[in-house]
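Student: the following comprises the amino acid sequence and a computationally predicted model.
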Amino acid sequence: MLALLDVFTTAAPAWSTEELIRFSGASRSTCYRYIKTLQAAGLLTPVAGGAWMLGPRIIEMDRTMRLCDPVMSGGGPPLRRLAEETGLTGLLCLLFSGTVMCVEDVPARGAPAGLFSRGQRRPLFAGAASKVILAHLPPHQLRALYQRHRTTIAAAGLGADWDAFRSALRAIREAGHCVTLGEFQPGVLGIAAPLFNAEGGVLGSLGVAAEAARVDPQSRAALAERVMAAAKEACARIAQEQPRTARPARAVR
């Protein structure tokens, strides 16, 4: 049932009941039940022409995340300060289901169109925001990823074999940050550092993006230091936020 929500994108924001039935592969009666259940939860809403779009409950949930998620509440202030002080676009990203999702962006004035923005997802193997997360995943996850994506990993310049892949990720970990150029857009520079939870597990990344022409190559090392300092502050704030995250009371039965 929840997989029905995956079909709604910016390219295809509205779907008819018949289209949803065909996508689901379920019987007509089962898909009707799914749609009605999602509508009752506020996750789908009817629009003109008998079509469906994502519902207002998602907006409410998004507001709750913006206000309460430890990564956003802890990482947001350092990110915004970094963007303001550098004049570059700031990006806060989370690891999500084998991909990287942008959860907050602070666009710089005159930033190129199409930079990473809130709600967008990208693969783990390209771009500074992604690669710096990838480098800090546990070894068993890295081995599984390599087995499934070795061709993509090689194409991303992360190594043609397992040893080279491990070596490339080790270099990122030792540097404490990742720098990429033109991996999603020609001429766009990305610099990112990892974010960790209180237990040391990687959560996501914090970084900046800009047209490379705007950043003097001689100043990139200093900029990377500022990115790492902002990420370190964000990690400390996230660790403070996590224990205060409320848990709903269990229902009495």
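Tutor: It's in.
Student: roughly how far apart are Val215 and Ala175?
Tutor: To Ala175, Val215 is 17 Å away according to C-beta to C-beta, to the nearest Å. Using the backbone N, CA and C atoms, a C-beta is placed for each residue, glycine as well.
Student: which parts of the stretch 101-250 of the chain are helices?
Tutor: For the stretch 101-250 of the chain, the helices defined by DSSP state H, counting those that start in this stretch occupy 128-134, 139-155, 162-175, 220-241.
Student: Val215 and Ala175: which is more packed in?
Tutor: Applying other C-beta atoms under 10 Å to Val215 and Ala175 shows that Val215 carries more neighbours, namely 18 against 14.
Student: now the helices of the stretch 101-250 of the chain in a markdown table, with distance to Gly49 and mean pLDDT?
Tutor: Formatted as a markdown table, those follow (distance: least, C-beta to C-beta, whole Å; pLDDT from 0 to 100):
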| stretch | distance to Gly49 | mean pLDDT |
| --- | --- | --- |
| helix 128-134 | 38 | 96 |
| helix 139-155 | 39 | 94 |
| helix 162-175 | 49 | 96 |
| helix 220-241 | 44 | 94 |
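Student: now the ones you listed as CSV including distance to Val47?
Tutor: CSV is the format used below for the helices of the stretch 101-250 of the chain (distance: least, C-beta to C-beta, whole Å):
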stretch, distance to Val47
helix 128-134, 34
helix 139-155, 37
helix 162-175, 45
helix 220-241, 38
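Student: please parse this structure into its domains.
Tutor: Domain assignment for the chain, taken from automatic domain parsing, gives 2-60, 69-243.
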